[in-house]
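A.B. asks: I'd like to go over a predicted model; first the sequence, then the structure.
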Amino acid sequence: MSSEVPFFELEDAQSVLRDVLAFIETCEDANASPTSVQLSNRDRDKKKRARNYSPDYERSRREKKKAERDALRCQVDQYTTQLELLRTQKTTQRDESKWGWVHAATQEEEKRQKAEDLNHQLRGLLVQQFNVAQTFKNLLTQEAGFATLVQSVLSSCPPCSSPTKLSTFSTFSSITSHLKGLFGQLCDSSDYVFDSTSIFFDANSLVCAANLKYQDPISGPCIELLSSTPLPCNMENAASMLWEMMLAKEVFGPNSGCYTIKVKQQTESSAEWGYSVRFNGPEASGAVDGVTLMEKFDKAGQTLIVWTSMMVESDGNPYFTSQGWVSVKKLPSNPDGEAFVRICSRLAGLHLGVRCDGDKVDVPVARKHQFMAKSRQEHVQLKILERAELQKSVL
C-alpha cells in the first residue's frame, strides 16, 4: 500500500504541473507583442477602459496579476523539486526492492556461519573435557595400588622415632658397640626408606638426587643421596657384583681406598672394618679412627645390603657418620634378564656443614658438599653400570 500512494501522488503532481505550465504560457502569450491589428484594437479597448477605470485600480490590478504569476512560478518550482524527490525515492525503493533479498541472505549467512563456529568450539571444549575426565579416570584406576601404598606410608611411622644422641668414643670397640646397637633399627627401616621416596617408584628410570635434610627421623640432620639404576643383568649377578664392590670399598667414594685397615672381620654376608684415615684440610688435621659395619640379606626376589659407619677424632668426638641401604630387585619388565638397584645413603659431619651430634646446619657449606656428594654418587652409578655391562659381556 505504501508503494502505491507515492505513485498516485506523482501522477497528480505531473498533471497539476502541466496545467500550471499551460497557464503560464497563456499568460505569456497574452503579454507578448500583438500584431498591428490587435494593437489597434487593444488601444481602442484601453481607451474605452481608461474611461471606465481609475489609474490606481489599474495599477493594483497589474500588481495583483504580477503577484499571481510570481506565486505560480514559486509553485511550479516547488512542484518541480517535489517531482525530483519523488523520482529519487521511487528509484531508491526500486533498488531496495531489487537488492534487499541479497542483503537479507548475506546477513542470514553470516549468522549461520557464526553459529556453526560457536558450535564447533563448544564441541571441541566438550571433547577436551571428556578426554581430561577419561585421563583422570585412567590415572585413578592405574594408581589405585599406588594410592594404597602412599596411604600406608603416610599412616606409618619410621622404626626409629628420633636419632640416637652421640657421646665420645675412645676405642674401636666402643664405636663398634654403638654401631651394632643401631644396626637392627637400620635393617628394620629399609622398607620405610624405599617406600617413602618417590624417586624409587619407577624401576626403569636412571636417576640420581641429593637432598639437604634438616631433621631426619632416623639420622637427624644429614645430606641424603638417592639413586636408582636399571642394570642389564639378572638379580643374582647384580647382587653378587655389588657385594664385591662394597667389600672393595668402591661404592663409598674416591678416597675410600686410602684407609689403613686395623681391624677386619668378614664372612660371606657380613663385614666389619676398623681403620684410620689421615685428612689434611682446614676442617680436620691428623688422623681419625673409624668403623664400618655391613651386612647382606638375601630375600625372596630381593637382596638388601645395609651399612653404617662412624669416624671419631683423637679426642673421641664424632667427626663423620653415615648410613646406607642398597636394594637389588628384578626388573618388572624383564625379571629373568634384568635388575635394578636402589641406593639411599645419609651423611653427616662437621666438615660437611652438618654436625653429627647436634641440630645445627651450616647451610652454605652443606649446600656445597651436597652438590659434591651428588657428583660422587653419579660417578659410583656410572661405575656400577660399567661393571654390569662388563659382566654381561663376559657371560
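C.D. replies: The structure has been received and is ready for your questions.
A.B. asks: So which other helices or strands are in contact with the host helix or strand of Gly290?
C.D. replies: Taking DSSP states H and E as the definition, Gly290 sits inside strand 285-299. Packed against strand 285-299 by the contact rule (3 or more C-beta pairs under 8 Å, 6 or more residues apart in numbering; DSSP states H and E) you find helix 172-188, helix 235-247, strand 270-280, strand 302-312, strand 318-330. No exception for glycine: its C-beta is placed from N, CA and C like everyone else's.
A.B. asks: hmm, who's touching the third one?
C.D. replies: By C-beta atoms under 8 Å, 6 or more residues apart in numbering, the residues outside strand 270-280 that reach it are 172, 175-176, 246-247, 255, 258-266, 285-296, 311, 351.
A.B. asks: Not counting its neighbours along the chain, what's nearest Val263?
C.D. replies: Nearest-residue entry for Val263: Gly274, 3.0 Å, with adjacent residues in sequence omitted and distances by C-beta to C-beta, 6 or more residues apart in numbering.
A.B. asks: I should have written Arg367 there, sorry.
C.D. replies: Leu212 (6.5 Å).
A.B. asks: right, and that neighbour touches Gln370 too?
C.D. replies: Yes - using C-beta atoms under 8 Å, Leu212 is in contact with Gln370, at 5.2 Å.
A.B. asks: where does the stretch 101-250 of the chain dip in pLDDT?
C.D. replies: 142-167, 250 (pLDDT under 70).
A.B. asks: Report the buried residues of stretch 366-379.
C.D. replies: Ala366, His369, Gln370, Ala373, Lys374, Gln377 (16 or more other C-beta atoms under 10 Å).
A.B. asks: among the residues you listed, which are in helices?
C.D. replies: Ala366, His369, Gln370, Ala373, Lys374, Gln377 (DSSP state H).
A.B. asks: Kindly provide the distance from the third one to Leu390.
C.D. replies: By that I understand Gln370. 31 Å (C-beta to C-beta, to the nearest Å).
A.B. asks: likewise the first one?
C.D. replies: When distance is defined by C-beta to C-beta, Ala366 is 36 Å away from Leu390.
A.B. asks: same thing with Ser15?
C.D. replies: Distance from Ser15 to Leu390, by C-beta to C-beta: 120 Å.
A.B. asks: does Cys356 count as helix, strand or coil?
C.D. replies: When classified by DSSP: H, G, I helix; E, B strand; the rest coil, Cys356 comes out as coil.
A.B. asks: circling back: got the confidence number for the residue nearest to Val263?
C.D. replies: At Gly274, the model reports a pLDDT of 89.
A.B. asks: residues near it, how many?
C.D. replies: Around Gly274 there are 20 other residues, counting by other C-beta atoms under 10 Å.
A.B. asks: can you check Val263 too?
C.D. replies: By other C-beta under 10 Å, neighbour count at Val263 equals 13.
A.B. asks: quick one: which of the buried residues of stretch 366-379 is nearest Asp195?
C.D. replies: Ranked by distance to Asp195 (C-beta to C-beta), the buried residues of stretch 366-379 are led by Gln377 at 20.7 Å.
A.B. asks: I figured that closest one was touching Cys208, is that so?
C.D. replies: Yes - the pair Gln377 and Cys208 qualifies as a contact (C-beta under 8 Å) at a distance of 5.6 Å.
A.B. asks: Overlap of the contact sets of these two?
C.D. replies: Residues touching both Gln377 and Cys208 by C-beta under 8 Å, 6+ apart: Leu225, Ser227.
A.B. asks: between whichever strand or helix holds Ile384 and helix 235-247, how big is the angle?
C.D. replies: Element membership for Ile384 (DSSP H and E) is helix 363-394. Comparing the axes of helix 363-394 and helix 235-247 via axes from the mean of the first three to the mean of the last three C-alpha atoms, to 10 degrees yields an angle of 130 degrees.
A.B. asks: by contact count, what packs against helix 363-394?
C.D. replies: So helix 363-394, by 3+ C-beta pairs under 8 Å, 6+ apart, packs with strand 207-213, strand 222-231, helix 235-247, strand 339-349.
A.B. asks: Mutual contacts of Leu212 and Gln370, please.
C.D. replies: Common neighbours of Leu212 and Gln370 (C-beta under 8 Å, 6+ apart) are Ile223.
A.B. asks: what domains does the record give for this protein?
C.D. replies: 4-97, 157-394 (automatic domain parsing).
A.B. asks: Need those in TSV (columns: distance to Thr135).
C.D. replies: Below are the domains of the chain laid out as TSV (distance: least, C-beta to C-beta, whole Å):
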stretch	distance to Thr135
domain 4-97	57
domain 157-394	19
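A.B. asks: do you know which of the ones you listed lies nearest Lys111?
C.D. replies: Closest approach to Lys111 among these is made by domain 4-97 (20.8 Å; C-beta to C-beta).
A.B. asks: now Asn234: how far from Tyr57?
C.D. replies: 145 Å.
A.B. asks: And those two? Which one has more around it.
C.D. replies: Taking other C-beta under 10 Å, Asn234 and Tyr57 do not tie; Asn234 has more neighbours (18 against 10).
A.B. asks: Report the contact partners of that one.
C.D. replies: Taking C-beta under 8 Å, 6+ apart, one finds Lys330, Asp336, Gly337, Glu338, Ala339 in contact with Asn234.
A.B. asks: Help me confirm that the fourth one comes into contact with Leu231.
C.D. replies: Right, the one you point to is Glu338. Yes - contact between Glu338 and Leu231 holds when scored by C-beta under 8 Å: they sit 6.5 Å apart.
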